[in-house]
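Novice: Based on what follows, work out the 3D shape:
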Amino acid sequence: MRYILLSSLLLLSFCMSFGQVTNEFFNDGASVYVQAGGLIYVQGEVVNRDNGANIGRIFNSGDVQLEGNWYNYSPSNVFQAGDPGTTTFLGNNALQMIDGSRVTAFNNLTINKPGGTTREVRQDISASADGVLNLTDDFLNTTVDTFLVLNPNPAAITRTGTITPNYINNTTQGFVTSNSGSTGRLIRRANTAFPGGVYLFPVGTIARGFRPVEITPTSVADNFYSVQLVDLATPNTSSLGPGVSSINPFYYHFIGRAFAFGSPETIRIYYDQLNDQACLDNITIAEWDNSLWRNLHPTVSNVNLASPILSYATKTGYPATYTGTPFNTERFVLGSLAYNPWSPACIILPVELLYLKAKPLFTSIQLDWATASELQNLGYDLERSDNGVDFVKIAWIKGAGTTSLTSKYDYEDKDVEFNVEYTYRLKQHDLDGGVKYSNQVSAMLVPGNELFVGDLYPNPARNEVYLDLQSPEQGLAKLEFYNSIGQVVLASETNVEKGINKISLRIGTLATGSYMIAVTLNGQKFIKKLVVE
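Specialist: Prediction:
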């Protein structure tokens, strides 16, 4: 039998003698042994064949790293069960494939592709791991196939990001996706042998984001659970069972169990309060029994959290006596009991405005506003009136689209006169053509020759802050930044001219927190506040 033995020392000799494997690692039926600490690094593809002898195998106690695709054509197991080695996909190319004519049973599988690339490993054939599936910040796309995690330890799937229950909805941390509505699934082996045995199914789609499921079994015997996030319009939303007034129309989950035993499991489904437009607290879990969407009795508990933290509904104890369709063909989605959280009256407004402010400077008026969240926000017409009745558009400011993060905007209106009270409002435009008006705010410029020091802006600030002041004569302005215990942490002096001055200050060295700023000019002292973020 031919074989290749690679340890860390022999790998160095192998690379020095034959060069790094740059295009293809092709064993042609030979058995490959990677000892602990050993490394095979392939800049191209890995192709495992048995050459008709059924012996093409890799005994991996080290690390096999590849930048290209993985192909297996050997009917025997490529990796031997129980070996502690890892296969790492880390290619810079758009995506990497798991392919071939035979299923690959990996030991430990890690997806760790560089930032800025398409962070996807795509299956064209089913695969499994008997150790740990480590997704880091990347995605495993099972397409229409399955990926099975044989290790029954709940920690056998790892990823970057927060852990239960405060998951964040985003597409920057790894999860498993499948072709919606297909046979593609993430499957996990589970039992009660591990304390706190909550099994995470980190499923999602690039378009929808992260919508995981957690299952807690109650049987000491092994069972196999499968989950897919189906990012398609939910079918049969008008076929509702008793106590179910609506069904989430946007997506649903396939949740399956291989064997009939094991009830009652605990099932937790996560959703996004903002982007899924579920703004009530009485969310429950319903299931399709081939005729109706039925509520899972008793009532499911629900925790509704602000986006981007995911909310969740939990069914503690899937009913063992439930008379619906067997669990292995079930479909679950978010539903409601007495109310309709997806009704038009409950849909979250396109823009949640936090504030709109108008502040006179010296020869202009500063407008600032912020939103807590935005849904399909095209942007704003900033409108102004000099009589409080007739408004005209003075600027267009592009919106943030859809976001659950705080967005801040500002505009300086320089086309203003002294002693005129100006009134401002926002005309917000949706992507679908709808418009809404904000509250109104007013401001007026008042001329004067006295010493005047404006507020620091922006506030909060991060790297740089500005200060406008008006001086009746030339002078030297001294600025001192005091922290919360009264220590001077930053000091600066600058010459000012008669009239209006704009001072720029670098604050990148200041730690996050609140500060008091003393501005001393021509014998007078002014105290201002600043928050550094």
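Novice: Show the subsequent helix or strand relative to the helix or strand harbouring I40.
Specialist: In this assignment (DSSP states H and E), I40 forms part of strand 39-42. As assigned by DSSP H and E, the chain's next helix or strand after strand 39-42 is strand 45-48.
Novice: pretty sure W288 is touching N236, no?
Specialist: Yes - with contact defined as Cβ atoms under 8 Å, W288 reaches N236; the gap is 6.9 Å. Where you see a C-beta, it was placed from the backbone N, CA and C, and this is true even at glycine.
Novice: Who has more neighbours out of the two?
Specialist: More crowded of W288 and N236, by other Cβ atoms under 10 Å: W288, with 22 against 13.
Novice: do you know how far that one is from N191?
Specialist: As for W288, its distance to N191 is 27 Å (criterion: Cβ to Cβ, to the nearest Å).
Novice: Equivalent analysis for G204, please.
Specialist: Counting by Cβ to Cβ, the gap from G204 to N191 is 26 Å.
Novice: Which parts of this protein are helices?
Specialist: 8-18 (DSSP state H).
Novice: Tell me which residue lies nearest the centroid of it.
Specialist: N170 (1.5 Å; Cα atoms, centre = their mean).
Novice: who's in contact with that one?
Specialist: Counting by Cβ atoms under 8 Å, 6 or more residues apart in numbering, N170 touches 209-210, 308.
Novice: just the residues you listed now: which is nearest I40?
Specialist: I40 has its nearest neighbour among those in F210, at 32.7 Å by Cβ to Cβ.
Novice: quick one: contacts for the closest one?
Specialist: 167-171, 173, 175, 202, 204, 270, 310.
Novice: Tell me the pLDDT of W288.
Specialist: As predicted, W288 sits at a pLDDT of 80.
Novice: now it, which residues is it bridged with?
Specialist: W293 (DSSP bridges).
Novice: can you start the count at 45 instead of 1 from here on
Specialist: Shifting the count to begin at 45 puts that one at W332.
Novice: what sits against the residue lying farthest from the centre of the chain?
Specialist: Ranked by distance from the centre of the chain (Cα atoms, centre = their mean), the top residue is E517, with 54.1 Å. Residues in contact with E517 (Cβ under 8 Å, 6+ apart) are 542, 566.
Novice: Over to it: give its phi and psi.
Specialist: Dihedral pair for E517: phi -160, psi 170, per degrees, to the nearest 10.
Novice: From A357, how far off is it?
Specialist: Separation of E517 from A357 (Cβ to Cβ): 68 Å.
Novice: domains in this structure, as residue ranges please.
Specialist: 176-380, 395-488, 496-576 (automatic domain parsing).
Novice: Out of those, which is the most enclosed?
Specialist: Of all the domains of the chain, domain 176-380 carries the top mean neighbour count, a mean of 19, counting by mean count of other Cβ atoms under 10 Å.
Novice: which residue sits closest to D476, ignoring its sequence neighbours?
Specialist: Q420 (6.6 Å; Cβ to Cβ, 6 or more residues apart in numbering).
Novice: show me the contacts for that neighbour.
Specialist: Contacts for Q420 were tallied using Cβ under 8 Å, 6+ apart; they are 394, 445-446, 474-476.
Novice: May I see those residues organised as CSV, with pLDDT and distance to Q531 added?
Specialist: Listed next are the contacts of Q420 as CSV, based on pLDDT from 0 to 100; distance: Cβ to Cβ, whole Å:
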residue, pLDDT, distance to Q531
P394, 65, 46
G445, 83, 43
T446, 79, 44
D474, 82, 49
L475, 79, 50
D476, 71, 53
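Novice: lowest-confidence stretch among the domains of the chain?
Specialist: domain 176-380 (a mean of 83).
Novice: show me the residues around V344 that make contact.
Specialist: So V344 contacts 327-329, 357-359 (Cβ under 8 Å, 6+ apart).
Novice: Report the beta-bridge partner residues of the residue nearest to it when sequence neighbours are not counted.
Specialist: Spatially, and ignoring its direct neighbours in sequence, V344 is nearest to T328 (4.1 Å; Cβ to Cβ, 6+ apart). Beta-bridge partners recorded for T328 (DSSP bridges): G379.
Novice: and if you look at Y85?
Specialist: Beta-bridge partners recorded for Y85 (DSSP bridges): Q109.
Novice: and stretch 334-349, how far out from the chain's middle?
Specialist: 26 Å (Cα atoms, centre = their mean, to the nearest Å).
Novice: cool, stretch 465-483 as well?
Specialist: 30 Å.
Novice: Over to stretch 266-281?
Specialist: With Cα atoms, centre = their mean, you get 21 Å for stretch 266-281.
Novice: Could you report the neighbour count for V165?
Specialist: Using other Cβ under 10 Å: V165 sits among 24 other residues.
Novice: dump the residue contacts of it.
Specialist: With Cβ under 8 Å, 6+ apart, V165 has these contacts: 133, 139-142, 155, 157, 182-185.
Novice: Pairing partners for it in the sheet, please.
Specialist: Q140, L184.
Novice: In contact with D127: list those residues for me.
Specialist: D127 touches 103-105, 151, counting by Cβ under 8 Å, 6+ apart.
Novice: Not counting its neighbours along the chain, what's nearest L276?
Specialist: Nearest to L276 is S224, by Cβ to Cβ, 6+ apart, at 4.9 Å.
Novice: isn't that neighbour right up against T278?
Specialist: No - with contact defined as Cβ under 8 Å, S224 does not reach T278; the gap is 11.4 Å.
Novice: re the thing from before, how far away is the residue nearest to the centre of the chain from G248?
Specialist: In this view, N214 and G248 are 9 Å apart by Cβ to Cβ.
Novice: swap in L83?
Specialist: In terms of Cβ to Cβ, L83 sits 32 Å off from G248.
Novice: again, but for S145
Specialist: In terms of Cβ to Cβ, S145 sits 30 Å off from G248.
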